[in-house]
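> Quick check, what structure comes out for this input:
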Amino acid sequence: MDFDKMGICVAMIVLVAVLGVAAVSSGDFDIGVGEVNLPQINAGTNTATPNAYYEWCYQMGKTDC
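Numbering: from 1, shown residues only. Sure, this is the predicted structure:
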């Protein structure tokens, strides 16, 4: 008799979980989060890509590049 009660409880838990996932994924149920805006993070580094050929010439001390 205890197995019957446990089976009913497990079935109800599974039913509630499946219906909850279906409700949230449908989009009709709003949990109030809305739109989350993250701040722009700037590392402060130079993002310009230098010309590698001229960098190599400068490092090697060549003047005819």
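> need the longest helix for this structure.
For the chain, the helix with the greatest residue count under DSSP state H is helix 2-26.
> now that one: how far from the chain's centre is it?
Per CA atoms, centre = their mean, to the nearest Å, the displacement of helix 2-26 from the mean C-alpha position of its chain is 29 Å.
> Give me the below-cutoff pLDDT ranges for the protein.
1, 27-33, 43-49 (pLDDT under 70).
> can you do 80?
Where the chain drops to pLDDT under 80, the residues are 1, 24, 26-36, 38-39, 41-50, 63-65.
> residues of the longest helix of the chain that come out buried?
Using 16 or more other CB atoms under 10 Å as the burial criterion, none of the residues of helix 2-26 qualify. All C-beta spots, glycine's among them, are computed from the backbone N, C-alpha and C.
> and after it, which helix or strand comes next?
Remark: after helix 2-26, the chain's next helix or strand is helix 52-60, criterion DSSP states H and E.
> now that following helix, how far from the centre of its chain.
40 Å.
> Could you shift the numbering so residue one becomes 825, and keep it that way?
With the count now opening at 825, the last piece we talked about shows up as helix 876-884.
> Are there helices or strands packed against that helix, and which ones?
Helix 876-884 makes packing contacts with no helix or strand when contacts are defined by 3 or more CB pairs under 8 Å, 6 or more residues apart in numbering; DSSP states H and E.
> Return the set of buried residues in it.
For helix 876-884, a neighbour-count test (16+ other CB under 10 Å) marks nothing as buried.
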